[in-house]
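Asker: sharing a model prediction with you, sequence too.
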Amino acid sequence: MATLSEFYANLPNLRNGDADGYNILHVAAGIPASYYFLNFTTAVPGDNVIRARVCLDAAVYQSRMAATGMDANEAKAQGIVLAAVRAGMMKSWDLNAGNASAAQRVDIGVGVWDGAQATPADRYVEAGLQARVNGYDADYVSDAMISSLMQIGMGVFVCCGVIMVRTEGLHHFVGELKAISVALGKQVFGARFEAPFGLDMTTFEDVAYHKAPHCWISDLMITAARSNETRVRLLAAKLAAAAVRVPAKYPAESGAGAISNLVKKTQTAGRLANVAVDADRIVAICDAVTVGTMATAAMRAESTRALAELIEVHSSDIAICIGLFRGICSHAGVRDPGILRAKCLVRIAADDPVMVSTGVQQMEAAIRVQREKSRRGILRGIGLFGADAPEDTEALPADETMAQILAAVVGRAAAAGAVP
């Protein structure tokens, strides 16, 4: 956690500094020291005895948490969650102490654990350490539970990266974006699982999804979240909940993606409403909002500028597309289409309700025209799955058409000449 002095020392030179070198610290950010990554200075149990390693880490975390005044049972529970989740991350993402932030890493010396001692019992130097390790027996935490927590670690490294991309590096686990990581736990444990070890769910989520990945260098998580290869690997590892939002997009990219998706969908609907949409042109402009790899501050600034220019030039047309799509969705009984919930589109609709209304009215009028055509027997040809669309059907003879119209207006009895 940054101190005020550290925050002040890292304030950027906004007049003529290098934007890519900024390191903005937050006094309220970070994690407490008891959750820092443990860097043992002597040998620890190896991967062939991974349970012993996880329980050793958990016992040290437990000791550090209890030293802050935390309840002993709470410290024991949080310790094993933190240790197992981090073990999963370290194995799956090939992480070590060098990948942890220097500010969130603590050396654990021979005053706590001395792995060089020949006799196992002599390795537990800190008072009570061996008893704490032994407390993590199979009755307290099963191998199955440890493996499930490791699965959380496999995926949360990327989920955290996705959140950091969406908040442009500011947050690891925040607000409505918490659902990205929470979904992972539901896949691993089940939709209605209860937090283990007597923890409340809020605490479990904070330890597993926030504090556990927080120690790693941010760029590592962001790079993983931006990679399509990560998506492929997560799906192969049966972690769809972590893969679903990968590759992650920065806010400007997400806005452009929402516009692109809307325009492509509206191109088809527009034909029905006698509206021509040059989707290819707008899609190309939207694609250009992604600048290079988006890895530098300059690239992200240019991306934000490109999206702003796109909206400034085309907002009225986009608003009409929103209206057209609302109109067709309303006709289909879809009240709240997900595509229109994108923040970018919500803002455009709020800023230009007149054009949105124009699109809705155009689509509603088109639907009325199509309804009248169908009453006259004219059915538009539609080709599916690559098939050529058949010709529209011809209108029914005039007398049959009039009979249909009368039936629709005054009832079938009147159309048949019945006397009321």
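Answerer: Structure's in. What do you need?

Asker: show me the shaky parts of the stretch 1-150 of the chain.
Answerer: Scanning the stretch 1-150 of the chain for pLDDT under 70 picks out 1-4, 6-7, 19-29.

Asker: just the strands in it please.
Answerer: Counting by DSSP state E, counting those that start in this stretch, the stretch 1-150 of the chain has these strands, from start to end: 37-40, 105-108.

Asker: which residues does the last one contact?
Answerer: When contacts are taken as Cβ atoms under 8 Å, 6 or more residues apart in numbering, the neighbours of strand 105-108 outside the stretch itself are 33, 36, 37, 38, 39, 40, 41, 60, 97, 215. Yep, even glycine has a C-beta here, placed from its N, CA and C like the rest.

Asker: also stretch 221-240?
Answerer: Contacts with stretch 221-240, where a contact means Cβ under 8 Å, 6+ apart, come from 92-93, 151, 154-155, 157-158, 160-162, 164-165, 169, 184, 187, 213, 242-243, 246-248, 293-294.

Asker: now restrict these to buried residues only.
Answerer: Among the contacts of stretch 221-240, those scoring as buried are 92-93, 151, 154-155, 157-158, 160-162, 164-165, 169, 184, 187, 213, 242-243, 246-248, 294 (criterion: 16 or more other Cβ atoms under 10 Å).

Asker: where do the helices sit along the stretch 151-300 of the chain?
Answerer: Taking DSSP state H, counting those that start in this stretch, the helices of the stretch 151-300 of the chain run over residues 178-189, 201-205, 212-214, 218-226, 228-236, 240-243, 251-272, 279-287, 297-331.

Asker: what's around the nearest residue to residue 146 once chain neighbours are set aside, how many residues?
Answerer: Distance criterion Cβ to Cβ, 6 or more residues apart in numbering; nearest residue to residue 146, sequence neighbours excluded, is residue 84 at 4.9 Å. Residue 84 has 29 neighbouring residues, counting by other Cβ atoms under 10 Å.

Asker: OK, contacts around the nearest residue to residue 64 once chain neighbours are set aside?
Answerer: Nearest residue to residue 64 in three dimensions, chain neighbours excluded: residue 34, at 4.1 Å (Cβ to Cβ, 6+ apart). Shown in contact with residue 34 (Cβ under 8 Å, 6+ apart): 61, 64, 65, 67, 68, 70.

Asker: hmm, try it at 6 Å
Answerer: By Cβ atoms under 6 Å, 6 or more residues apart in numbering, the contact set of residue 34 is 64, 65, 68.

Asker: what of residue 381?
Answerer: Residues near residue 381 by Cβ under 6 Å, 6+ apart: 389, 390, 391, 392.

Asker: would you turn these into CSV with neighbour count?
Answerer: Listed next are the contacts of residue 381 as CSV, based on neighbours: other Cβ atoms under 10 Å:
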residue, neighbour count
389, 10
390, 11
391, 8
392, 12
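
Asker: between the residues you listed, which sits nearest residue 316?
Answerer: Distance to residue 316, by Cβ to Cβ, is smallest for residue 389 among these, at 31.2 Å.

Asker: touching, the closest one and residue 379? I think so.
Answerer: No: using Cβ atoms under 6 Å, residue 389 makes no contact with residue 379, being 11.3 Å away.

Asker: any idea how the protein splits into domains?
Answerer: 1-27, 31-243, 251-373, 380-415 (automatic domain parsing).

Asker: and stretch 312-331, how far from the chain's centre?
Answerer: Relative to its chain's centre, stretch 312-331 lies at 26 Å (Cα atoms, centre = their mean, to the nearest Å).
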